[in-house]
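**Q** Predicted model follows, preceded by the sequence.
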Amino acid sequence: MLERFATGNGKYRFWQSGNEAKIIYSDPFLEQKLNYIHQNPVKAGLVYEADHYVHSSAIDYAGGKGLLDIDYVG
């Protein structure tokens, strides 16, 4: 199974390339990233609406209450 993670130069990578930390530098950039995260279960066909996914914070941003407490900064 280890060969599935080989990069070809004797090293191994667990994450896909391009998955690195991003600095949140503006409110629009934060909103873009939240929308991306919230839409993943929809794109995967798990739910029809982002705020219907029980493990998502999308319900909090839609005015409801999710599983965890969300601290809004801003």
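**A** Okay, I see it.
**Q** Show me what the least confident helix or strand in the chain by mean pLDDT is packed up against.
**A** Within the chain, no helix or strand scores below helix 58-61, which has a mean of 91 by mean pLDDT, DSSP states H and E. The contact analysis (3 or more Cβ pairs under 8 Å, 6 or more residues apart in numbering; DSSP states H and E) places helix 58-61 against helix 27-43. C-beta here means a position set from N, CA and C on the backbone, and glycine is covered the same way.
**Q** which other residues reach the helix it packs on?
**A** 22, 24, 47-51, 53, 55-58, 61, 74 (Cβ atoms under 8 Å, 6 or more residues apart in numbering).
**Q** from the middle of its chain, how far away would that helix be?
**A** The chain centroid and the centroid of helix 27-43 are separated by 7 Å under Cα atoms, centre = their mean, to the nearest Å.
**Q** cool, stretch 51-63 as well?
**A** For stretch 51-63 - counting by Cα atoms, centre = their mean - the centre lies 13 Å from the chain centre.
**Q** where are the low-confidence patches of this structure?
**A** Residues of the chain that meet the criterion pLDDT under 70 lie in 72-74.
**Q** mind redoing it with 50?
**A** Counting by pLDDT under 50, the chain has no low-confidence residues at all.
**Q** count of neighbours near residue 53?
**A** Applying other Cβ atoms under 10 Å, we find 20 residues neighbouring residue 53.
**Q** can you tell me how far it sits from residue 38?
**A** 8 Å (Cβ to Cβ, to the nearest Å).
**Q** swap in residue 61?
**A** According to Cβ to Cβ, residue 61 stands 7 Å off from residue 38.
**Q** Does residue 70 touch residue 59 like I think?
**A** No: judged on Cβ atoms under 8 Å, residue 70 makes no contact with residue 59 at a distance of 9.5 Å.
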